[in-house]
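Engineer: Give me the fold of what follows.
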Amino acid sequence: MFFFIIVLSTFTALSSYVYIRGLQALPPVLIFKVIYSVIFFSGLASFFLRMFLGDNIREKVAVGLSAVGFTWIVALVYFAMFLVLLDLVRAANGLFDIYPLWIKENYQKVKLILFAGSSAAILILLVFGNIRFNNPVVTEYNLETAKPLPGGKMRIVLASDIHLSSYINKNDLKRYVSLINRQKGDVIMLAGDIADRDPHPLYNQKMNEELSQLTAKYGVFAITGNHEFYGGKKEEIYSLIKSAGITFLKDSAVLVADSFYVVGRDDKTNGKRASLENIMENINRNLPVFLMDHQPSKLEDAMHAGADLQMSGHTHNGQFWPGNLIVSAMFELPYGHLKKGETNYIVTSGLGLWGPKYRIGTKSEVVVINLTQLPATAGATAAKAATSESAETTSAESASSAKTSSGRASSAAGKH
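Structural biologist: Residues are numbered from 1 along each chain as shown. Prediction:
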């Protein structure tokens, strides 16, 4: 409730500021002010209706509210930033009289020009951001380990934060599955927030049919994220994921092909989740240990427990600027690669996203981790992380290959 009050108060203050300053920029003509007010409050109402109603309404209505409301919130943020900058200039003019004569003599016209110019600039940003979202890239990391790998190397494909809903729907998922499968991973990792909040769209659209098309030599593994907790029906989401033949890990670990472990933590939203030490207590640490933990918090836990690689998502890398600056202040590793001790960490910005379908200053991505076994004489684990971005985008083609059974995976510790 406290969080809700803070969010509501912040948006109310921000909306009031932008609305009033927008009115002041318009010429004193009633019809202009009426049109502006209708557009503004339609966006505001769409956002709050979508947040309160979620997917508990007709899907077409939910999609429409999402498109309008989430676009409005991004535009609101950028308008507010622009207005703050203008007000700082106004304050400087009040102190130092810096405006040229032309501005002083045409002040109302200048305000209208700035209103139109800022609107056009934000529209261009939104178009660019939507294109960026709809064309995910492939980001690759090359790591090395002294531990034995099947065939001396592994190709891990990581995707997180898909946020399936009425807004990111089965058609989007079809493109995502195709993109993931084209990376030809030995193993596929889905690091939480597979669903956005409500399971109804996932069941109504039979999204498990698309998820079941994911294929990898050693199987597909998934964990929880914070968004699975929000709708109050997380077990239904988990059941759908499992029905797609995906190995679902919740504070548990599996030994795969007698060669490596995959460990999955329940999201930290569960304040009673098991400690990593307990989950990994029966693990043979002479074999590679790959950990998924949705939120990249307390990175030292994985290092102390002896995990070789932790894969996380959650941050979206801020999703749109300046959000990346905010998450950089919140997390030790908000995005990318880091090594602490002998543990490597990869945090992805996510394949889907929450809310507005815009990527401004960030990217939607699938991550490929190329892991190579060092020669026996090379000593302890080393990591040389190099990232590269492919311009590959999703396509409408569906994967036709049958999913490799994950039956080789046997339980090593914890409860599923």
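Engineer: Skip ahead from the helix ranked longest in the chain and say which helix or strand is next.
Structural biologist: Longest helix of the chain, by residue count under DSSP state H: helix 59-96. Next along the chain after helix 59-96, taking DSSP states H and E as the criterion, comes helix 101-105.
Engineer: now that following helix, how far from the chain's geometric center?
Structural biologist: 47 Å (CA atoms, centre = their mean, to the nearest Å).
Engineer: Show me the contact partners of it.
Structural biologist: Identification of contacts with helix 101-105 by CB atoms under 8 Å, 6 or more residues apart in numbering yields Val110. C-beta here means a position set from N, CA and C on the backbone, and glycine is covered the same way.
Engineer: quick check: mean pLDDT across it?
Structural biologist: Mean per-residue pLDDT for helix 101-105: 96.
Engineer: Dump that helix to CSV, keeping only the CA atoms.
Structural biologist: Presented in CSV, the C-alpha positions along helix 101-105 are these (Å, rounded to 0.1, in the frame of the first residue of the first chain):
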residue,chain,number,x,y,z
LEU,A,101,15.1,40.5,-27.9
TRP,A,102,13.3,38.3,-30.5
ILE,A,103,12.2,35.8,-27.8
LYS,A,104,11.0,38.6,-25.5
GLU,A,105,8.9,40.1,-28.3
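Engineer: I believe Ser118 is in a helix; please confirm or correct that.
Structural biologist: Yes. Per DSSP: H, G, I helix; E, B strand; the rest coil, Ser118 lies within a helix segment.
Engineer: which residues does the nearest residue to Lys153 once chain neighbours are set aside bridge with?
Structural biologist: With sequence-adjacent residues excluded and distances taken as CB to CB, 6 or more residues apart in numbering, Lys153 is closest to Thr372, at 4.9 Å. Bridge pairing for Thr372 (DSSP bridges) gives the partners Glu144, Lys153.
Engineer: Start at 4, not 1
Structural biologist: Fine by me, first position is 4 from now on; the one you just mentioned is Thr375.
Engineer: Ala149 is in contact with Thr375, correct?
Structural biologist: No. If you go by CB atoms under 8 Å, Thr375 and Ala149 don't touch, sitting 10.6 Å apart.
Engineer: Looking at those two, which one has more neighbours?
Structural biologist: Taking neighbours as other CB atoms under 10 Å, Thr375 and Ala149 compare with Ala149 leading, 17 against 14.
Engineer: Need the phi and psi values for the more buried one.
Structural biologist: Dihedral pair for Ala149: phi -90, psi -10, per degrees, to the nearest 10.
Engineer: Starting from Gly132, give me the distance back to the closest residue in space to Trp357 that isn't next to it in sequence.
Structural biologist: The shortest distance from Trp357 to any non-neighbouring residue, by CB to CB, 6+ apart, is to His166 (5.5 Å). Separation of His166 from Gly132 (CB to CB, to the nearest Å): 16 Å.
Engineer: likewise Thr250?
Structural biologist: 35 Å.
Engineer: same deal with Ser331?
Structural biologist: According to CB to CB, Ser331 stands 19 Å off from Gly132.
Engineer: who has more neighbours, those two?
Structural biologist: Applying other CB under 10 Å to Ser331 and Gly132 shows that Gly132 carries more neighbours, namely 22 against 16.
Engineer: what's the host helix or strand of Val180 packed up against?
Structural biologist: Taking DSSP H and E as the criterion, Val180 maps to helix 173-185. Judged by 3 or more CB pairs under 8 Å, 6 or more residues apart in numbering; DSSP states H and E, helix 173-185 is in contact with strand 156-162, helix 210-214, strand 368-376.
Engineer: Mean pLDDT added to these, as TSV?
Structural biologist: Listed next are the helices and strands packed on helix 173-185 as TSV, based on pLDDT from 0 to 100:
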stretch	mean pLDDT
strand 156-162	98
helix 210-214	98
strand 368-376	98
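Engineer: what about these, which gets the closest to Tyr39?
Structural biologist: strand 368-376 (37.5 Å; CB to CB).
Engineer: how about that closest one: buried residues?
Structural biologist: Neighbour-count burial for strand 368-376, counted by 16 or more other CB atoms under 10 Å, picks out Glu368, Val369, Val370, Val371, Ile372, Leu374, Gln376.
Engineer: and the nearest residue to the fifth one once chain neighbours are set aside, what does it touch?
Structural biologist: What that stands for is Ile372. For Ile372, ignoring the flanking residues on the chain, the nearest one in space by CB to CB, 6+ apart is Ile159 at 4.2 Å. By CB under 8 Å, 6+ apart, Ile159 lies in contact with Gly188, Asp189, Val190, Ile191, Met192, Phe293, Leu312, Met314, Val371, Ile372, Leu374.
Engineer: Mind checking what secondary structure the fifth one has?
Structural biologist: Under three-state DSSP, the three-state class of Met192 is strand.
Engineer: so where's the chain uncertain?
Structural biologist: Residues of the chain meeting the criterion pLDDT under 70: 4-7, 380-419.
Engineer: just the helices in it please.
Structural biologist: So, for the chain - with DSSP H - the helices run 5-28, 33-56, 62-99, 104-108, 110-137, 173-185, 203-207, 210-214, 230-233, 237-246, 279-282, 303-308, 326-333.
Engineer: Dump the helices and strands packed on helix 173-185 into JSON lines; add distance to Gly344 as well.
Structural biologist: Converted to JSON lines, the helices and strands packed on helix 173-185 look like this (distance: least, CB to CB, whole Å):
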{"stretch": "strand 156-162", "distance to Gly344": "20"}
{"stretch": "helix 210-214", "distance to Gly344": "35"}
{"stretch": "strand 368-376", "distance to Gly344": "17"}
